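# got a sequence here, can you build the structure:
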Amino acid sequence: MLKGRKYIIYTRCSTEEQKNKGNSHQYQIREIQDFADKKEMKCLGVFSDTITGTTFEGRSQLDLAFKLCSNLRGEVDYLLTYKMDRFGREAGDALGTIKKFRNIGVEVNFSDEWIDYSDPTHPLFLGLKFALAQTESLKISDRTKDGIYQSQLNGYYPFNAPPGYKKQILPQQKRNGSPLKICVPDPETAPYVKTVFERLVAGGYTQSELFRDYGGKIG
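Model prediction:
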């Protein structure tokens, strides 16, 4: 049934996932091509976005893939992605994008989770799978927030130090096997930051004037 059909590949992973060989673009492309080669399908192109799966905004490569399919209307049969969560982790946007491609005659499908669109229950399956992916993404986000909050309570500052502060390493104290890093006032820049705030609150100075006078000293 798929023999001779033409397809384009779409892969997605986040910046962190790209470092993980199990989710890299190269791995996804190889898996899709292995599937398609067995079906004797013909590849017309590869498009890859490195972006979070929680949004479909800013996916320049997916947009290009859609334009290609529009320009070659009737010549592209499938947009193939490895798995549903590689396509996206936001259920509403994912289903809407699938519909957009189907409106120009291109079926979005997944080499590792093939969908039979002739089955009248396929909307239920698609909705469930994307909803599960979105739920998992929300759980990961909550765990990340909780981890950051707990780290700060423990005195560990996970971000870049704000102006007037610097990170201090406490080699004798460990967190997950690494020396603890805390945020402490920077004796060189903190006085300038304090002066900027005081003058800004007191009035009489514009932000541009304060930046001109103190920007280079704060860093």
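# from here on, contacts and neighbour counts on C-alpha atoms
Will do.
# what does the helix or strand containing Lys100 contact?
Assigned by DSSP states H and E, Lys100 belongs to helix 91-102. When contacts are defined by Cα atoms under 8 Å, 6 or more residues apart in numbering, helix 91-102 is touched by residues 55-56, 66, 87-88, 107-108, 126-127, 130-131, 133-134.
# for that helix, buried residues please.
Across helix 91-102, burial judged by 16 or more other Cα atoms under 10 Å covers 91, 93-95, 97-98, 101.
# look at the residue nearest in space to the middle of the chain and give its secondary structure.
The centre of the chain sits closest to Thr52, judged by Cα atoms, centre = their mean, with a distance of 1.3 Å. Reduced to three states with DSSP: H, G, I helix; E, B strand; the rest coil, the structure at Thr52 is coil.
# would you confirm that it contacts Cys13?
Yes: using Cα atoms under 8 Å, Thr52 makes contact with Cys13 at a distance of 6.8 Å.
# anything in contact with each of those two?
Common contact partners of Thr52 and Cys13 (Cα under 8 Å, 6+ apart): none.
# where are the low-confidence patches of the protein?
17-22, 137-159, 171-179, 219 (pLDDT under 70).
# can you give me the strands in it?
Counting by DSSP state E, the chain has strands at residues 6-13, 42-50, 78-81, 107-110, 165-175, 178-185.
# just those: most buried one?
strand 78-81 (a mean of 25; mean count of other Cα atoms under 10 Å).
# packing partners of it?
For strand 78-81, the packing partners by 3 or more Cα pairs under 8 Å, 6 or more residues apart in numbering; DSSP states H and E come out as strand 6-13, helix 25-38, strand 107-110.
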